[in-house]
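**Student:** sequence first, predicted model second:
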Amino acid sequence: MSIESLRAQIDATDERILELLNERASLAVAIGHAKRAAHTAANKEGAEKLLRDPERERAVLDRLSALAKGQFPQHAVRAVFREVMSGCLSLEQPLHVAFLGPEGTFTQMAARYLFGLSAQYREAATIEGVFDAVRTGDAALGVVAIENSTEGSVTLTADLLIEGNVVVREELVLLIEHALLARDSVPFSSVQRVYSHPQALAQCRGWLTKNLPGAQLVQTASTTAAARQALLDTAGAAVASPLAAELHGLTILRERIQDRTENATRFVVLGKEDAPRTGRDRTSLAFSVKDERGALRRVLSAFEEEGVNLSRLESRPSQQKPWDYVFLVDLEGHRTDDNVQRALENLRSACDMVKVLGSYARRDPIRLTSIP
Ligand SMILES: C=C(O[C@@H]1C=C(C(=O)O)C=C[C@H]1O)C(=O)O
């Protein structure tokens with residue numbers, strides 16, 4: 001069969017796909033109306049409810065990924081239907097998402113992976129700016145990093161979660177690969193300055209010490225800012241995502257320079273409400289113990305007695321008074337689970353403060369292979 005004939009068949013097939021997308025969009029609009037009616041009936045006043053349903057979106061993607069046994073690549077199924085759903089949701093209700101900028105950061109890539117290109121993004125210059133956008137309603141959701149597997153917690157995110165009335169709605173764990181990027185004309189041997197965010201430099205500290213011992217390390221506000229600096233410096237290079245090379249027209253001098261192969265950053269989606277129970281959940285909470293002997297042991301016993309597994313426990317200065325500490329805990333389970341509820345009740349007797357920062361579905365780490 002000739003190419004022209006095959007292309008004619010592709011054109012006809014594309015038209016059928018377009019018809020089905022329009023049919024799907026009409027169904028989504030109808031569902032949007034039904035959700036609004038149900039919400040209005042249930043809540044006579046208050047801000048408009050967020051119509052996005054992440055659990056349903058996850059179910060759609062998982063079902064289609066499982067069905068994708070044909071010619072079309074399975075990894076592409078998710079990307080295609082991520083955008084199909086992003087477009088359908090935008091017909092029901094604009095989705096405003098704040099993220100820690102600037103453009104090209106891992107945080108932006110995490111946001112686009114979750115919400116697609118039809119969401120309306122608001123770039124915030126600081127982590128506080130993301131929290132403020134969600135708190136004021138300027139954005140329905142926000143995306144920030146909460147911890148890295150090499151560097152530990154993003155302490156400001158933790159502090160703002162403890163302080164504010166914003167909770168964790170979802171999580172996304174990205175496997176972070178760092179590369180050394182430079183302008184086309186810069187050979188590896190002439191790199192004298194390396195630019196990047198402090199966390200990225202720290203995640204590549206061993207490699208940089210071994211391979212560029214004489215280079216000056218210059219901290220920047222973000223890996224995107226580092227890429228922009230590298231474009232201007234004929235003896236400079238940036239530590240950033242290999243995907244940033246595509247974004248900024250840089251050359252990859254070295255790939256996978258992070259010290260730990262499985263270097264991952266956990267991002268959280270911030271919202272006014274946390275997630276419904278799925279049976280595979282995580283709950284983040286903060287507590288401060290009474291100044292009594294054995295108070296912390298009683299707290300840990302409260303979890304152990306109810307069979308609640310803790311996946312993270314760390315202390316943070318309370319920001320209230322010097323040498324006063326708050327503990328941050330991630331536990332396996334949803335705050336509505338009976339054993340978690342009993343554990344929370346029991347630990348309250350040993351604590352001055354207990355604050356649930358959100359219950360949400362646990363997600364396995366993913367590796368981005370292209371810019372979402
Ligand atoms: C269509 C719906 O609304 C949104 C769009 C979805 C989709 O395109 O499949 C799924 C969940 C929602 O975020 C729905 O809730 O079913």
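**Tutor:** The structure has been received and is ready for your questions. Numbering: from 1, shown residues only.
**Student:** can you tell me the centre-most residue of the protein?
**Tutor:** Nearest to the geometric centre of the chain sits residue 267, at 3.1 Å (Cα atoms, centre = their mean).
**Student:** list the contacts of the host helix or strand of that residue.
**Tutor:** Following DSSP states H and E, one finds residue 267 within strand 264-271. With contact meaning Cβ atoms under 8 Å, 6 or more residues apart in numbering, strand 264-271 is reached by 50, 106-107, 110, 114, 130-131, 134, 140-149, 157, 166-176, 358, 360, 365. In this view, the C-beta of every residue, glycine as well, is placed from N, C-alpha and C.
**Student:** got it, and stretch 182-192?
**Tutor:** 180, 212, 214-216, 230-231, 233-238, 250-251, 253-254.
**Student:** any idea which helix or strand comes after the lowest-mean-pLDDT helix or strand in the chain?
**Tutor:** Within the chain, no helix or strand scores below helix 242-248, which has a mean of 86 by mean pLDDT, DSSP states H and E. Tracing the chain C-terminally past helix 242-248 and defining elements by DSSP H and E, one meets strand 251-254 next.
**Student:** so what touches that next one?
**Tutor:** Residues contacting strand 251-254 (Cβ under 8 Å, 6+ apart): 179-184, 186, 188, 191, 211, 237, 242, 245.
**Student:** quick one, which of those are buried?
**Tutor:** 179, 180, 181, 182, 183, 186, 191, 237, 242, 245 (16 or more other Cβ atoms under 10 Å).
**Student:** which of these fall within strands?
**Tutor:** If you go by DSSP state E, these have 179, 180, 181, 182, 237 in strands.
**Student:** pLDDT score for the second one?
**Tutor:** Which is residue 180. pLDDT, residue 180: 97.
**Student:** now the stretch 151-300 of the chain against the ligand: closest residue?
**Tutor:** residue 170 (12.2 Å; Cβ to the nearest ligand atom).
**Student:** what helix or strand does that residue sit in?
**Tutor:** Using DSSP H and E, residue 170 sits in strand 167-175.
**Student:** between that strand and strand 264-271, how many degrees?
**Tutor:** If you take axes from the mean of the first three to the mean of the last three Cα atoms, to 10 degrees, strand 167-175 sits at 160 degrees to strand 264-271.
**Student:** for stretch 153-172, buried residues please.
**Tutor:** For stretch 153-172, using 16+ other Cβ under 10 Å, the buried residues are 153-154, 157-162, 166-172.
**Student:** again with stretch 82-102
**Tutor:** Buried positions in stretch 82-102, judged by neighbour count with 16+ other Cβ under 10 Å: 82, 84-90, 92-93, 95-102.
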